[in-house]
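**Q** next come a sequence and a model predicted from it.
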Amino acid sequence: MEITLPLFGTTTSTSDSCGLSVEGLVTSLNTATPWELTLPATGVFGLTGPSGSGKSTLLAALAGQRRCRGNITFANTVWQRGRRALATHKRAASLGFQDSRLFAGQSVADNLALARKYSHRPLPAEECEQLLKAFGIAPLLHQPVELLSGGEAQRVALLRQLFHNAPLQLFDEPLSAVDRAQVLRSLLPTLRDFWARYPALVLWTSHDFDEVQLLAQRCLWMQSADLSAPLPLFEVAKYLDSKAVGDSFRSRIEARVESLRGGLLTLELGGVSIYADRVAGDYRKGDTAVFLLEAGDISLSVEKPGLSSILNCLPVTLTGKKHLADGRTRLQLTLAEQVLYADISQLSCERLQLREGSTYFAQFKAGSPAGL
Ligand SMILES: Nc1ncnc2c1ncn2[C@@H]1O[C@H](COP(=O)(O)OP(=O)(O)OP(=O)(O)O)[C@@H](O)[C@H]1O
């Protein structure tokens with residue numbers, strides 16, 4: 001006789017846990033370290049960590065595509081209770097893969113139409129039109145999916161997931177084959193705008209921390225199947241530092257748009273103006289712009305510099321420093337609750353006699369901000 005658990009697949013009466021709740025979730029990968037996770041009903045969260053650490057396994061378990069035990073509840077609906085799992089198609093979730101998995105034998109338009117047809121929250125037609133343009137998919141609509149390049153197929157698959165517009169959207173390295181300039185300058189700003197207008201809970205897995213930073217303000221870190229709680233980006237950056245992931249590191253900055261004139265964007269952060277040229281996006285006064293600053297592009301002065309060709313000069317507080325293996329020192333600087341990093345030589349660090357808690361002046365050129 002089959003035993004039906006009372007809460008399984010049904011809406012619970014508690015209204016205070018309407019996001020995602022994962023308790024003691026165990027797959028064959030993480031028997032020793034059950035996953036615990038609580039996320040709100042909406043918001044974009046990154047998920048990163050070394051290869052093979054378990055990120056895809058977690059996403060597959062959340063989507064009901066990987067055998068597991070424990071408890072998963074989303075929007076007050078029980079998806080997993082012990083060993084009993086709600087079927088994938090009954091979960092208000094979508095999962096996008098690196099290898100696209102488009103429906104074979106169909107055109108791009110058919111793939112997108114199906115996603116809209118089975119959406120519980122279908123997007124208005126004008127929204128779909130705009131997304132088609134932004135993703136550069138309009139000219140490909142009548143192509144069979146077999147003829148798409150790897151990058152085109154990924155863009156179509158991502159768009160298909162947006163058209164489906166599930167309340168929980170899981171992405172597993174969805175842009176790894178797409179041209180990086182297009183990702184940073186066009187697709188990520190489009191996605192940020194989209195989720196601001198159509199909120200969902202989004203978990204975005206990527207090895208590209210720039211991509212994560214341009215999309216999310218918080219990120220989960222997975223290492224050897226150990227899952228962190230959502231962390232501020234600068235906390236995740238510490239893990240990346242210690243793993244010597246790359247020579248350079250970039251910090252996410254969010255600032256308010258003041259004006260865009262003659263290709264020069266003026267932003268405001270903590271009462272200070274920031275200037276950026278080579279701007280690709282359309283910005284209007286009051287918009288929030290998100291960009292990245294390369295640690296190696298920032299210099300530091302003890303005193304406020306005089307007139308200089310370097311347009312940007314921000315008063316910052318030194319909140320941490322760390323010596324890197326290659327002889328440089330990475331400084332953690334804070335301005336208006338935002339954290340940026342500057343890499344300087346150890347010699348400069350000694351000459352400036354930097355002290356934590358003191359105010360300095362960070363300079364960078366108007367051409368430095370990336371992603372605008
Ligand atoms: N279906 C499966 N059955 C058994 N083991 C698996 C299965 N899928 C993945 N694994 C193993 O589980 C571990 C975690 O894999 P997973 O794909 O979740 O890692 P990941 O963090 O997403 O890696 P990457 O960043 O390389 O995509 C790996 O050692 C992998 O070989």
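**A** Looks like it came in fine.
**Q** CA only for contacts and neighbour counts going forward, please
**A** OK.
**Q** what's around Asp282, how many residues?
**A** Using other Cα atoms under 10 Å, Asp282 is surrounded by 9 other residues.
**Q** can you tell me the SS state at it?
**A** Three-state call for Asp282 (DSSP: H, G, I helix; E, B strand; the rest coil): coil.
**Q** got a list of what it touches?
**A** Shown in contact with Asp282 (Cα atoms under 8 Å, 6 or more residues apart in numbering): no residues.
**Q** recalculate using a threshold of 10 Å.
**A** Leu260, Leu265, Leu372 (Cα atoms under 10 Å, 6 or more residues apart in numbering).
**Q** could you dump those residues to TSV with neighbour count?
**A** Formatted as TSV, the entries for the contacts of Asp282 read as follows, by neighbours: other Cα atoms under 10 Å:
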residue	neighbour count
Leu260	18
Leu265	22
Leu372	20
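**Q** among these, name the ones in strands.
**A** Using DSSP state E, the subset of those located in strands is Leu260, Leu265.
**Q** from the contacts of Asp282, which is closest to Gly43?
**A** Leu372 (21.4 Å; Cα to Cα).
**Q** and which of the contacts of Asp282 is nearest the ligand?
**A** Leu372 (27.4 Å; Cα to the nearest ligand atom).
**Q** distance check, Gly54 against Gly82.
**A** As judged by Cα to Cα, to the nearest Å, Gly54 and Gly82 stand 20 Å apart.
**Q** which of those two has more residues huddled nearby?
**A** Ranked by neighbour count (other Cα under 10 Å), Gly54 and Gly82 place Gly54 first, with 21 against 15.
**Q** run the chain-centre distance for stretch 323-336.
**A** 23 Å (Cα atoms, centre = their mean, to the nearest Å).
**Q** endpoint to endpoint, it covers what distance?
**A** Stretch 323-336: ends 25 Å apart by Cα to Cα.
**Q** what's the answer for stretch 209-220, then?
**A** End-to-end distance of stretch 209-220: 12 Å, with Cα to Cα as the criterion.
**Q** rank the contacts of Asp282 by pLDDT and give me only the lowest.
**A** In terms of pLDDT, the lowest of the contacts of Asp282 is Leu372, showing 83.
**Q** tabulate the contacts of Asp282 (CSV), appending distance to the ligand.
**A** Formatted as CSV, these follow (distance: Cα to the nearest ligand atom, whole Å):
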residue, distance to the ligand
Leu260, 39
Leu265, 36
Leu372, 27
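**Q** need the residues of this structure near the ligand, please.
**A** Proximity of the chain to the ligand, by Cα under 6 Å from any ligand atom, involves residues Leu29, Pro50, Ser51, Gly52, Ser53, Gly54, Lys55, Ser56, Thr57.
**Q** the last one touches Leu25, doesn't it?
**A** No - applying Cα atoms under 10 Å, one finds Thr57 not in contact with Leu25, separated by 11.2 Å.
**Q** pull up the overlap in contacts between those two.
**A** Cys68.
**Q** which of those two has more neighbours?
**A** With neighbours defined as other Cα under 10 Å, Thr57 and Leu25 compare such that Leu25 has more, 23 against 20.
**Q** how far away is the more buried one from the ligand?
**A** According to Cα to the nearest ligand atom, to the nearest Å, Leu25 stands 14 Å off from the ligand.
**Q** now that residue: phi and psi?
**A** Per-residue torsions, Leu25: phi -80, psi 120 (degrees, to the nearest 10).
**Q** who's the closest spatial neighbour of it, skipping the chain neighbours?
**A** Gly70 (4.3 Å; Cα to Cα, 6 or more residues apart in numbering).
**Q** where exactly do the helices run in this protein?
**A** Remark: helices assigned in the chain by DSSP state H are 55-63, 108-117, 125-134, 150-164, 180-182, 188-197, 209-215, 233-242, 346-352.
**Q** if I pick Ile72, what's in contact with it?
**A** For Ile72, counting by Cα under 10 Å, 6+ apart, the contacting residues are 20-25, 36-38, 61-62, 64, 78-82, 85-86.
**Q** buried only: go through those residues for me.
**A** Listed as buried from these are 20-23, 25, 36-38, 61-62, 64, 78-81, 85-86; burial here means 16 or more other Cα atoms under 10 Å.
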